[in-house]
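# Attaching a predicted model along with its sequence, questions to come.
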Amino acid sequence: MSLNTALVRKDLRAAFIGRRLVSLPSATSTQDVARAEAEAGVPEGTVFLAEEQTAGRGRLGRSWASPSGANLYLTLVMRPTVERLRSLSIVAPLATAQAVEETTGLVPSIKWPNDVLVGGRKLAGILIETELSGASVSYSLVGIGLNVNLDVDRVPEIAGVATSLKRELGCEVSRETVLAQLLNRFEVLYLEAAQGAAVHQAWRSRLETLGRRVRVTFGQQVEEGLAEDVDAEGSLILRRRDGSRVTIAAGEVTLR
Ligand code: BTN
């Protein structure tokens, strides 16, 4: 059944996130649709949603399995200042994790920087694409893919590593309820993140990466060591075997 946007609006308490909600039966990627509309000047907080994506994409050039009708595929158009840009990669996974917890009771963790996991399997992924204009941000596209009612075992390429709310709970979950709460939490956290350290602490406390020995790949570089902490910006602080430390802004973590 198609997602019912009237039901989402009923539970939406956010003032600007999701107030404009554009729901499409199909898109190549909601990032593509959002980019064209962001260029045309849609206001901050506009959300593009698709029932299916024919070319859904993930980080690092990967694809994102996007079959019809079961999941949430959305992109939020944000227009942060440069100073607030980094907070998006904290706010997006945290809002997703909190919305899942509040609507289902599951307690997701976050794999640095922004994968949302349940029981060590990936429940949701975040893709943030930013367009700069000189030194300022024109717009930032926050893409969120959340496996809600997907029968993960029927998608061979992710069957061993992914999960869905349905797989975890053993029953179908209302996509509308989860989406409304995700948008509500996103707005609260985005506004709070500008005020102090509480949002960063809430994100940090869900990070399953800290205290583990990891390998981090970023660009052509690979670093190995103990994931010691994250800094105020959300970068990962890694302690190498020789005792030196390296700070990594973004990358792909695998456990050692
Ligand atoms: C990742 O973990 O690699 C990020 C996955 C992001 C997937 C979402 S689904 C909505 C939006 N549109 C896309 O094509 N990708 C993002």
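Looks like it came in fine.
# Could you check which helix or strand contains the nearest residue to Thr28 once chain neighbours are set aside?
Among residues not flanking Thr28 along the chain, Ala55 sits closest, at 4.4 Å (C-beta to C-beta, 6 or more residues apart in numbering). (Each C-beta comes from the backbone N, C-alpha and C, glycine too.) When elements are defined using DSSP states H and E, Ala55 is found to belong to no helix and no strand.
# List the contacts of Ala55.
28-29, 32, 63 (C-beta atoms under 8 Å, 6 or more residues apart in numbering).
# do Glu208 as well
109-111, 117.
# Kindly write the PyMOL command that selects the buried subset of those residues.
In PyMOL syntax, the buried subset of the contacts of Glu208 is picked out as below (16 or more other C-beta atoms under 10 Å):
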select buried, resi 109+110+111+117
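# Go through the contacts of Glu208 and name the one nearest the ligand.
Comparing the contacts of Glu208 against the ligand with C-beta to the nearest ligand atom places Lys111 closest, at 9.6 Å.
# Give the full set of residues in contact with that closest one.
117, 122, 207-209, 253.
# Tell me the one of those nearest Val91?
Distance to Val91, by C-beta to C-beta, is smallest for Leu207 among the contacts of Lys111, at 14.4 Å.
# you'd agree that closest one is up against Ser109?
Yes: the criterion here is C-beta atoms under 8 Å, and Leu207 meets it with Ser109 at 7.3 Å.
# which parts of the biggest helix by length in the chain are buried?
When the chain is parsed with DSSP state H, its longest helix is helix 175-193. Buried positions in helix 175-193, judged by neighbour count with 16+ other C-beta under 10 Å: 175-190, 192-193.
# That helix and the ligand, any residue contact?
No: Helix 175-193 lies out of reach of the ligand by C-beta under 6 Å from any ligand atom, never closer than 12.1 Å.
# Which other helices and strands does that helix contact?
helix 5-11, strand 72-78, helix 88-104, strand 136-146, helix 198-206 (3 or more C-beta pairs under 8 Å, 6 or more residues apart in numbering; DSSP states H and E).
# Of all those, which one is nearest the ligand?
Using C-beta to the nearest ligand atom, these put strand 136-146 closest to the ligand, at 2.9 Å.
# how far does that closest one sit from the chain's center?
10 Å (C-alpha atoms, centre = their mean, to the nearest Å).
# Same question for the very next helix or strand once past it: list its buried residues.
Going down the chain from strand 136-146, the next helix or strand is helix 165-169, by DSSP H and E. If you call a residue buried by 16+ other C-beta under 10 Å, then helix 165-169 has these buried ones: 165-168.
# by contact count, what packs against helix 165-169?
Looks like helix 165-169 contacts helix 88-104 (3+ C-beta pairs under 8 Å, 6+ apart).
# And the helix it packs on, what does it pack against?
strand 109-111, strand 115-118, strand 121-133, strand 136-146, helix 165-169, helix 175-193, helix 198-206.
# Dump those into a markdown table; add distance to Glu102 and mean pLDDT as well.
Listed next are the helices and strands packed on helix 88-104 as a markdown table, based on distance: least, C-beta to C-beta, whole Å; pLDDT from 0 to 100:
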| stretch | distance to Glu102 | mean pLDDT |
| --- | --- | --- |
| strand 109-111 | 16 | 97 |
| strand 115-118 | 14 | 98 |
| strand 121-133 | 14 | 97 |
| strand 136-146 | 14 | 98 |
| helix 165-169 | 13 | 98 |
| helix 175-193 | 6 | 98 |
| helix 198-206 | 13 | 97 |
